[in-house]
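Novice: quick one: sequence and predicted model below, then my questions.
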Amino acid sequence: KNLYHMTPVGVAVLYAASPLLQTVALETVPAITNRCGRPAAVLILHLLSCAALLVLSVAEGPWAAAAAFLVYQAIVKISNIPVYSLVLDSVKPEHRGKFFHLLSIKPLTFG
């Protein structure tokens, strides 16, 4: 069902804008982790993603839904960075090469 009566081009532009916003949001991760610490950054980013998902679920127009979708996508993508860095700290230095390889595969397989 086409709830917002968006054209296929509009949907394509929305999906194309998502990686751009994620790139911009990526610049905020060091500031958040330096200010709060990595465990708190994980919690903050996950709470923000829940709030964005709630806004997305009650959005009453195409622009509000599109904005909430873009914000949600960006927060979800960047929220994994502090998690990866916490896990990386627990990996022995001699095994980090294998771990980096697994990290490079994960985004391709799980989105």
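Specialist: Great, that's in hand.
Novice: what's the residue closest to the geometric middle of this structure?
Specialist: With distances taken as CA atoms, centre = their mean, Lys77 lies nearest the centre of the chain, 2.0 Å away.
Novice: from Ala59, how far off is that residue?
Specialist: 20 Å (CB to CB, to the nearest Å). In short, each C-beta sits where N, CA and C put it, glycine included.
Novice: these two touch, right, the residue nearest to the centre of the chain and Ala25?
Specialist: Yes - in this structure, Lys77 is within contact of Ala25 by CB atoms under 8 Å, at 7.5 Å.
Novice: common neighbours of those two, please.
Specialist: With CB atoms under 8 Å, 6 or more residues apart in numbering applied, the contact sets of Lys77 and Ala25 do not overlap.
Novice: let me know how buried the residue nearest to Tyr72 when sequence neighbours are not counted is, in neighbour terms.
Specialist: Spatially, and ignoring its direct neighbours in sequence, Tyr72 is nearest to Ala52 (3.9 Å; CB to CB, 6 or more residues apart in numbering). Residues near Ala52, counting by other CB atoms under 10 Å, number 20.
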